[in-house]
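*Asks:* Next input, structure requested:
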Amino acid sequence: MRKSFFLFLILTAIHFVPVVSCGAPEVQSARDTGDQEQLHQYSKKEISLLRSLWVGSLPSLPKDPSNNFADNPLAVQLGKKLFSDTRFSANSKISCATCHKAEIAFSDNKPLAEGIGTSTRRNMPIIGPAYFKWFFWDGRADSLWSQALGPFENPVEHGITRCKVVLLVIDHYRQEYEEIFGPLPDLSLQNCPEKASPLLDDPVSQKLWDDMKPEDRESVNRIFSNIGKAIAAFERLILPTPSRFDQYVEGLLQGDPEKIKNILSPEEIEGMRLFIGTGNCTKCHSGPLFADDNFHNLQIPKRREIPYDRGRADGIEKILADEFNCYGKYSDAKSEECVALNTMDSDTEKYRGAFKTPILRNVAERAPYMHAGQFKTIAKVMAFYQYPFDFNLMSEFGHSTLSDKELEHIEAFLQTLSSPLSSP
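*Replies:* Residues are numbered from 1 along each chain as shown. Below you'll find the predicted structure:
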């Protein structure tokens, strides 16, 4: 196999989504010309693209109309504690932080997520989540707080019920909860059995839930949703800090040649030019978080041990049925404020096998890549993009015109997107 093939596979393994250009003009390599004066020269269009990717272009933290507690400092602190509390799992060993490790961009290095059991997808990083409208690989949640609820009742993640979550909050976080959300109702094992759940595929759990009084079920759901809102208040403050790429762009925008001359190597600069130009990467990896918050079907080869994954097609059906979506009664938003749902394309056939574009910040530390960890390295991702398994994808996402050396330069550029994350 050509070296290029493996090199391009890495760009896909990176949880990379179609790398297609915004139409930037092809740029001649400054290194090839041997003219060092040209190394830091860019067209107006290139400057505009680089500015759009710069972390300094991130707007102020957006409001979440569905979560009235998103910016409550007390909710942030409660959410931070809940994020790391292993008591909220069936074996008392799993927390959100187990799979979303701060030292690995709030992700991990496993091909498939592991909690109580093993999932069929890998973890996504938590970086700047407040700027997105869809969550999970299939976008089955439309808010950060509703996303936070899903893992609790997932049998292969935390593996507990919402009643268990509520009872743990009553036992261990009563004062903190009530300072934020008001008095807790009178719930106990008698009217909120630990195994009661409307979601688990277990007739016993379902019957226990159905036998609860309607007002008690309502209380449980309200507390459960508030727990998600507290966790979201913490997670929305996990933000990127300037990477070497950002330092370079900032100096470039300031017109300071001395500041930028030693930040990036010629190879990294060449990779950056290719990324915004003939590499066609910014079609999907756009904006300061290098992700378009959209879904694409690249026909990534499936793992043999995992059944076919319908991706976004399933996500559309799940988000519409979710009682914790923006339209639901546990949301604090008015229906007209539910932008994601109001503008959602619900064509399930169109999105069969499509998955959300992953962000590229800190991508170098997050191997393996893609929605099920199919590719071990960035090089293998890039090789995949060079020669997609479906010939019809070649014209849109293929990079057959790029040389092996150019692919190496793009990979070198991706290394410059790493930086420490800021969190409460």
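*Asks:* same for the strand or helix carrying Phe413, what does it pack against?
*Replies:* Per DSSP states H and E, Phe413 falls inside helix 404-414. Judged by 3 or more Cβ pairs under 8 Å, 6 or more residues apart in numbering; DSSP states H and E, helix 404-414 is in contact with helix 3-13, helix 266-276, helix 378-386. In short, each C-beta sits where N, CA and C put it, glycine included.
*Asks:* With only the CA atoms kept, save that helix in CSV.
*Replies:* C-alpha atoms of helix 404-414 as CSV (Å, rounded to 0.1, in the frame of the first residue of the first chain):
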residue,chain,number,x,y,z
ASP,A,404,2.9,11.9,1.0
LYS,A,405,5.0,14.8,2.1
GLU,A,406,2.0,17.2,2.0
LEU,A,407,0.0,14.8,4.1
GLU,A,408,2.9,14.7,6.6
HIS,A,409,2.8,18.5,6.7
ILE,A,410,-0.9,18.6,7.5
GLU,A,411,-0.3,16.1,10.3
ALA,A,412,2.5,18.4,11.6
PHE,A,413,0.0,21.3,11.6
LEU,A,414,-2.5,19.3,13.6
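*Asks:* Residue numbering should commence at 2 henceforth.
*Replies:* Sure, I'll start counting at 2 from here, so that last one is helix 405-415.
*Asks:* tell me the domain ranges of the chain?
*Replies:* 4-61+243-312+354-423, 74-236 (automatic domain parsing).
*Asks:* out of those, which comes closest to Ser67?
*Replies:* domain 74-236 (4.9 Å; Cβ to Cβ).
*Asks:* what about the closest one, start to end distance?
*Replies:* 12 Å (Cα to Cα, to the nearest Å).
*Asks:* what do you get for stretch 80-90?
*Replies:* With Cα to Cα as the measure, stretch 80-90 spans 16 Å from end to end.
*Asks:* Same check on stretch 206-220?
*Replies:* 18 Å.
*Asks:* Now it: buried residues?
*Replies:* With burial defined by 16 or more other Cβ atoms under 10 Å, the residues of stretch 206-220 counted as buried are Ser206, Gln207, Leu209, Trp210, Met213, Asp217, Arg218, Ser220.
*Asks:* Lowest average pLDDT across the helices and strands packed on helix 405-415?
*Replies:* Lowest mean pLDDT within the helices and strands packed on helix 405-415: helix 4-14, at a mean of 40.
*Asks:* picking that back up, which residues touch whatever helix or strand comes next after the helix holding Phe414?
*Replies:* Moving toward the C-terminus from helix 405-415, the next helix or strand (DSSP H and E) is strand 422-423. Contact partners of strand 422-423, identified using Cβ atoms under 8 Å, 6 or more residues apart in numbering, comprise Ala103, Ala106, Phe107, Ile128, Leu238, Ile239, Leu240, Pro241, Thr242, Asn363.
*Asks:* Kindly report the same for stretch 178-186.
*Replies:* With Cβ under 8 Å, 6+ apart, stretch 178-186 has contacts from 70, 73, 75-76, 79, 170-171, 175, 217, 220, 224, 227, 231.
*Asks:* where does this structure dip in pLDDT?
*Replies:* Filtered on pLDDT under 70, the chain yields the residue ranges 2-38, 389-401.
*Asks:* ok, back up a step: buried by neighbour count, from the contacts of strand 422-423: which ones?
*Replies:* Buried residues within these, counting neighbours by 16+ other Cβ under 10 Å: Ala106, Phe107, Ile128, Leu238, Ile239, Leu240, Pro241, Asn363.
*Asks:* Please report the number of neighbouring residues for His130.
*Replies:* Rather than His, residue 130 is Pro. By other Cβ atoms under 10 Å, 22 other residues sit near Pro130.
*Asks:* same deal with Asp143?
*Replies:* When counting by other Cβ under 10 Å, one arrives at 26 neighbours for Asp143.
*Asks:* Quick one: classify the nearest residue to it once chain neighbours are set aside as helix, strand or coil.
*Replies:* Leaving out its chain neighbours, the residue that sits closest to Asp143 by Cβ to Cβ, 6 or more residues apart in numbering is Ala341, at 4.4 Å. Recorded secondary structure, Ala341: helix (DSSP: H, G, I helix; E, B strand; the rest coil).
*Asks:* Please look at Ala341 and Trp135 and confirm they touch.
*Replies:* Yes. Judged on Cβ atoms under 8 Å, Ala341 makes contact with Trp135 at a distance of 6.5 Å.
*Asks:* Give the intersection of the neighbour lists for those two.
*Replies:* Applying Cβ under 8 Å, 6+ apart, one finds that Ala341 and Trp135 are jointly contacted by Asp143.
*Asks:* ok so, going back, of the contacts of stretch 178-186 - the most surrounded one?
*Replies:* For these, the largest neighbour count, defined by other Cβ under 10 Å, is 31 neighbours, found at Ala231.
*Asks:* any idea what sits nearest that residue, other than its immediate chain neighbours?
*Replies:* Per Cβ to Cβ, 6+ apart, closest to Ala231 is Gly80, 3.9 Å.
*Asks:* which ones are touching that neighbour?
*Replies:* Contacts of Gly80 (Cβ under 8 Å, 6+ apart): Ala231, Ile232, Ala233, Ala234, Phe235, Glu236.
*Asks:* Mind putting those into TSV with distance to Gly151?
*Replies:* Formatted as TSV, the contacts of Gly80 follow (distance: Cβ to Cβ, whole Å):
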residue	distance to Gly151
Ala231	15
Ile232	11
Ala233	12
Ala234	17
Phe235	16
Glu236	13
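*Asks:* Among these, find me the one that's closest to Glu324.
*Replies:* Of all these, Glu324 sits closest to Ala233, with 16.8 Å by Cβ to Cβ.
*Asks:* tell me which element the closest one is part of?
*Replies:* With DSSP H and E as criterion, Ala233 is part of helix 215-236.
*Asks:* One more: Thr349?
*Replies:* Counting by DSSP H and E, no helix or strand carries Thr349.
*Asks:* Contacts only, for it.
*Replies:* Ala314, Ile317, Glu318.
*Asks:* Ile264 too?
*Replies:* Ile264 touches Arg245, Gln248, Tyr249, Gly252, counting by Cβ under 8 Å, 6+ apart.
*Asks:* Assign it to helix, strand or coil.
*Replies:* Under three-state DSSP, Ile264 comes out as coil.
*Asks:* could you measure it against Glu251, distance?
*Replies:* Using Cβ to Cβ, to the nearest Å, Ile264 is found at 9 Å from Glu251.
*Asks:* before we move on, which element is Gln207 in?
*Replies:* Secondary structure assigned from DSSP H and E places Gln207 in helix 204-212.
*Asks:* still on that earlier bit, which of the buried ones among the contacts of strand 422-423 sit farthest apart?
*Replies:* The widest separation within the buried ones among the contacts of strand 422-423 (Cβ to Cβ) is 16.5 Å, between Leu238 and Asn363.
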